[in-house]
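Visitor: based on what follows, work out the 3D shape:
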Amino acid sequence: MAIPFHFQKTLAAVFLAAPLASVQAAETANGSPRPALLDLAVDTLGGRMVEIWKTPLFTLSDPVYVNGQLLQRASSVTLGMLVTALAILLVGGIISAALSRWLRIRVSKRLDLDPTTGAIVQKFTHYTLLFLVSLIALSAVKIPLTIFALLGGSAAIAVGFGAQQLANNLISGLILLFERPIRIGDLVELGTYNGTVASIGTRCCQLHRDDGVEILIPNSVILQGTVVNHTLHGRASRLEMSVTISATAPIEQAMEILREVAAAHPEIIARQGIQAHVQDIGPTSVKLLLSFWSEAKTPLSIAKIQSDLRLNTLQRFQSENIALA
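Guide: Predicted structure coming up:
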């Protein structure tokens, strides 16, 4: 592949600049004038860098009014304009992220917002600031706003060729944040996974399990699948525990013991109701079901409550001579 002549000159100037710079340092130390060849190399390199910086990448049509008539003026977007705009976007994005995070903390403390509402405030603020930074970047380098038409077409092509799932997750994340079928801190079951919702992002939700494993589930999967939310209408969730006793045992007394054991547990909300009833009967056994409410937020804490109830129930049944089946 042939290298264009102007790039050959640039490469020659770069390779000549380093050795000639050492010559210049030596000549300057001896009080001699700088060689003319070094001047030529430096001027050539500087000129080529300026030329590359001002190289037009593409041309946009910029509508302007002249004497009351709408005319289309060609506006070139150079490499320097694009690099400057990207630098402004990068710095503005970092500042926007920090400012939106600070605003969420301040507003959440002052208005006592829940974590999900605080996340909505942060994301809305971040995206709004990013849009304003984009306008400032375009205005600072005088890139016409018609570039959005070009970018919009490119984005449409990208979505059509492989970004459908990313766009689907982004839209699903916004729906989850505003409709709030799940919230940060909710105890949920998503298919074979269960745990506490740690965060709701624009691409996926983070689920925290009791064993310390963090599960990332795409937002579209959550929105389209079946979700069991134990704490959707409050922080308390309804739990159950079953026990099977002998058919000859006093059933009413056994159900009363179950209610007493549950009411005595410190993590069970007695005011929301504790119920015990017969779930099933057999030739030699009776299955009892105890239902209660608790504010336990993790599967591990729920399992501990049920374990305490089983142990205390067993001790009471043994003291009352109620046989298990």
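Visitor: burial count for residue 105?
Guide: Counted with other CB atoms under 10 Å, residues neighbouring residue 105 total 12. Quick note: C-beta positions are derived from backbone N, CA and C, even for glycine.
Visitor: you'd agree it is in a helix?
Guide: Yes - according to DSSP: H, G, I helix; E, B strand; the rest coil, residue 105 belongs to a helix.
Visitor: please tell me how far it sits from residue 94.
Guide: Noted for residue 105: a distance of 17 Å to residue 94, by CB to CB, to the nearest Å.
Visitor: check residue 78 too.
Guide: When distance is defined by CB to CB, residue 78 is 25 Å away from residue 94.
Visitor: more crowded one of the two?
Guide: The neighbour count for residue 78 versus residue 94, taken as other CB under 10 Å, is higher for residue 78 (17 against 10).
Visitor: for the more buried one, give the beta-bridge partners.
Guide: residue 56 (DSSP bridges).
Visitor: right, and it touches residue 84 too?
Guide: No - assessed by CB atoms under 8 Å, residue 78 is found out of contact with residue 84, at 9.5 Å.
Visitor: just the helices in the stretch 201-325 of the chain please.
Guide: 219-224, 251-264, 299-319 (DSSP state H, counting those that start in this stretch).
Visitor: excluding its backbone neighbours, what's nearest the residue nearest the centre of the chain?
Guide: Nearest to the geometric centre of the chain sits residue 201, at 2.5 Å (CA atoms, centre = their mean). Leaving aside its chain neighbours, residue 201 sits nearest to residue 173 (6.2 Å; criterion: CB to CB, 6 or more residues apart in numbering).
Visitor: the one you found - how many residues pack around it?
Guide: Counted with other CB under 10 Å, residue 173 comes out at 22.
Visitor: what's the helix or strand for it?
Guide: Secondary-structure element containing residue 173, defined by DSSP states H and E: helix 164-179.
Visitor: and the residue nearest to residue 137 when sequence neighbours are not counted, how far is that from residue 208?
Guide: Sequence neighbours aside, residue 88 is the residue nearest to residue 137 in space, at 3.9 Å (criterion: CB to CB, 6+ apart). Using CB to CB, we find residue 88 at a distance of 37 Å from residue 208.
Visitor: same thing with residue 134?
Guide: 35 Å.
Visitor: all helices of the stretch 51-200 of the chain, in order?
Guide: According to DSSP H, counting those that start in this stretch, the helices that the stretch 51-200 of the chain contains are 79-111, 115-140, 147-161, 164-179.
Visitor: export these to a markdown table and tack on mean pLDDT?
Guide: Below are the helices of the stretch 51-200 of the chain laid out as a markdown table (pLDDT from 0 to 100):
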| stretch | mean pLDDT |
| --- | --- |
| helix 79-111 | 84 |
| helix 115-140 | 81 |
| helix 147-161 | 53 |
| helix 164-179 | 77 |
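Visitor: of those helices, which is nearest residue 304?
Guide: Comparing these against residue 304 with CB to CB, the closest turns out to be helix 115-140 (24.3 Å).
Visitor: check which residues of the closest one are buried.
Guide: 115-126, 129, 133-134, 137-138 (16 or more other CB atoms under 10 Å).
Visitor: out of the helices and strands in this structure, which is least certain?
Guide: Every helix and strand in the chain was compared by mean pLDDT, DSSP states H and E; the lowest is helix 5-29, with a mean of 45.
Visitor: about what we covered before: what is the helix holding residue 173 packed up against?
Guide: Under the contact definition 3 or more CB pairs under 8 Å, 6 or more residues apart in numbering; DSSP states H and E, helix 164-179 sits against helix 115-140, strand 193-200, strand 204-208, strand 214-218, helix 219-224.
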